[in-house]
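**Student:** Compute the structure for the input listed below.
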Amino acid sequence: MQGQFEQQLNGYLLEKKGYGKNVREIYDDVVGEFLYAIPRYEQCFEDHQPTNNQAIQEKLDELLENNAALAVDFQSNRT
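**Tutor:** Okay, the predicted model is just below:
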């Protein structure tokens, strides 16, 4: 994942949610810890309530509706 920030962020967020383990390098003990934790990961998936992208789409529509004026305003006011 070197140089792939979005993948590093995905790994971080998945681990934070309890869906897996995020590491920079793989060692035997890391693999063992992951395998040992599979039942916990499975439980997290069972408890997960999936959502669709409706909220994200609505926010994007709102931002694009006015030519991204909020983003332009933010950038012009940065110090």
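**Student:** hey, which helix or strand in the protein has the poorest pLDDT?
**Tutor:** helix 69-76 (a mean of 77; mean pLDDT, DSSP states H and E).
**Student:** Not counting the strand or helix carrying residue 16 itself, show me its contacts.
**Tutor:** Per DSSP states H and E, residue 16 falls inside helix 5-17. For helix 5-17, the external contacting residues (C-beta atoms under 8 Å, 6 or more residues apart in numbering) are 1, 20-22, 44. Placement of C-beta: from N, CA and C, glycine included.
**Student:** In it, which residues are buried?
**Tutor:** residue 11 (16 or more other C-beta atoms under 10 Å).
**Student:** Check the offset of that helix from the chain's centre.
**Tutor:** Helix 5-17 sits 5 Å away from the centroid of its parent chain (C-alpha atoms, centre = their mean, to the nearest Å).
**Student:** Check which element follows it along the chain.
**Tutor:** Heading C-terminal from helix 5-17 (DSSP H and E), you reach helix 28-47.
**Student:** Measure how that following helix sits relative to helix 5-17, angle-wise.
**Tutor:** 70 degrees (axes from the mean of the first three to the mean of the last three C-alpha atoms, to 10 degrees).
**Student:** Past helix 28-47, which element shows up next along the chain?
**Tutor:** Past helix 28-47, the next helix or strand by DSSP H and E is helix 54-65.
**Student:** Off-centre distance for that next one?
**Tutor:** 19 Å.
**Student:** now it against helix 69-76, angle please.
**Tutor:** 70 degrees.
**Student:** Check which residues of helix 54-65 are buried.
**Tutor:** Buried residues in helix 54-65 (16+ other C-beta under 10 Å): none.
**Student:** C-alpha coordinates for it, PDB please?
**Tutor:** In PDB, the C-alpha atoms belonging to helix 54-65 read as follows (Å, rounded to 0.1, in the frame of the first residue of the first chain):
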ATOM      1  CA  GLN A  54     -28.000   8.700  -0.200                       C
ATOM      2  CA  ALA A  55     -26.600  11.100   2.400                       C
ATOM      3  CA  ILE A  56     -23.300  11.500   0.500                       C
ATOM      4  CA  GLN A  57     -25.200  12.000  -2.800                       C
ATOM      5  CA  GLU A  58     -27.400  14.600  -1.200                       C
ATOM      6  CA  LYS A  59     -24.500  16.500   0.200                       C
ATOM      7  CA  LEU A  60     -22.700  16.400  -3.100                       C
ATOM      8  CA  ASP A  61     -25.800  17.700  -4.800                       C
ATOM      9  CA  GLU A  62     -26.000  20.500  -2.300                       C
ATOM     10  CA  LEU A  63     -22.400  21.500  -2.800                       C
ATOM     11  CA  LEU A  64     -22.600  21.300  -6.600                       C
ATOM     12  CA  GLU A  65     -25.900  23.200  -6.700                       C
END
